[in-house]
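Participant: Using only what follows, build the 3D model:
(one chain, ligands or ions: 1)
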Amino acid sequence: MSLAENIGRVQERIAAAAHHSGRKAEEVTLLAVSKTFPLSHIRQAYDVGLRAFGENRVQEFAGKVAALHDLHDAVWHLIGHLQSNKAVQAAELFSHIDSVDSVRLARKLNSVAQGLGKKLAVLIEINVGGESAKSGVALDSSELGNLLNGAPDWPFLDFNGLMTVQPYNDDPEQSRRYFRKMRELFNRLVDSKLPAIRMEVLSMGMSHDYEVAIEEGATCVRVGTAIFGARESL
Ligand SMILES: *Cc1c(COP(=O)(O)O)cnc(C)c1O
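Facilitator: Sure thing, here's the model as predicted:
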């Protein structure tokens, strides 16, 4: 199948999952995860109409971005773990950092963004399965509380939602309980109306389980393999 056909199929399935859970397809953003794939693939996806792209390594995207300048309305999201020492480069390259997972990183990004005179859209990444090998802030942790309560101190960060990478299982139904936990947290935060926190984006679900994620309330799904094919390595 061609890339355009892959995208068409994913979009159809997104729409179907949205409709049968009483939602509108337009409520769900398809974020194309282009990590490891060459510029030509990104351009093809752009030509088919996609605008949101996710890369998970600052270094890799630094090598791609110069050749993508003409895609002026493309939106670049960093979705992989960000180390504080790469915060400057990340803030220069990306408009969206979807993987903020510590007070330390938030503080650093805020001061970098201030220096650049730009505002960064950020999501708080939650380690919903509590896996030691994964990044993300733990559910119900004091670090999460500190991040949420610290938001007013970081005016160059626009906190607008949550992101998670759920524990992997081939069976997409196994992801459902994690997506539910995320939805519950998201709803609690919507209700608590914390200052400087907007809860609009719930980014969860990947190629094998994005339909389940949409049924459970995802507003953004991050899809790589189902669009671009299998990655050779990470
Ligand atoms: C690679 C990656 C994805 C996409 O995974 P696929 O299974 O290829 O769709 C989504 N989110 C993050 C954070 C990733 O690193």
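
Participant: Show the contacting residues for the most centrally placed residue in the chain.
Facilitator: Against the mean C-alpha coordinate of the chain, by Cα atoms, centre = their mean, the closest residue is residue 98 at 4.6 Å. Residues in contact with residue 98, defined by Cβ atoms under 8 Å, 6 or more residues apart in numbering, are 54, 77-79, 122-123, 125, 163, 203. For the C-beta atoms, the positions are set from N, CA and C on the backbone; glycine is no exception.

Participant: Residue 197 too?
Facilitator: Per Cβ under 8 Å, 6+ apart, neighbours of residue 197: 148, 151, 159, 189.

Participant: so what's it scoring on pLDDT?
Facilitator: pLDDT for residue 197: 98.

Participant: Residue 202 and residue 161 touch, don't they?
Facilitator: Yes - counting by Cβ atoms under 8 Å, residue 202 does reach residue 161; the two are 5.8 Å apart.

Participant: between those two, which one's more packed in?
Facilitator: Of the pair residue 202 and residue 161, residue 202 is the one with more neighbours under other Cβ atoms under 10 Å, namely 26 against 20.

Participant: SS state for that one?
Facilitator: Secondary structure for residue 202, judged by DSSP: H, G, I helix; E, B strand; the rest coil, is strand.

Participant: try residue 169
Facilitator: Strictly by three-state DSSP, residue 169 counts as coil.

Participant: what's the answer for residue 199, then?
Facilitator: Going by three-state DSSP: residue 199 is strand.

Participant: what sits against it?
Facilitator: Applying Cβ under 8 Å, 6+ apart, the residues near residue 199 are 160-162, 186, 189-190.

Participant: any idea how far residue 193 is from it?
Facilitator: For residue 199, the distance to residue 193 equals 9 Å [Cβ to Cβ, to the nearest Å].

Participant: what does residue 228 give?
Facilitator: Applying Cβ to Cβ to residue 228 and residue 193 gives a distance of 39 Å.

Participant: if we can go back for a sec, who wins for neighbours among the contacts of residue 199?
Facilitator: Neighbour-wise, the contacts of residue 199 (other Cβ under 10 Å) top out at residue 162, 26 neighbours.

Participant: Just give the number of residues close to the closest residue to residue 16 other than its chain neighbours.
Facilitator: Using Cβ to Cβ, 6 or more residues apart in numbering and skipping residues adjacent in sequence, the residue nearest residue 16 is residue 211, 7.7 Å away. Residues contacting residue 211 under the criterion other Cβ under 10 Å number 20.

Participant: which of residue 228 and residue 193 has more neighbours?
Facilitator: residue 228 (23 against 9).

Participant: contacting residues for the more buried one?
Facilitator: Contacts of residue 228 by Cβ under 8 Å, 6+ apart are 3, 6, 32-34, 37, 41, 45.
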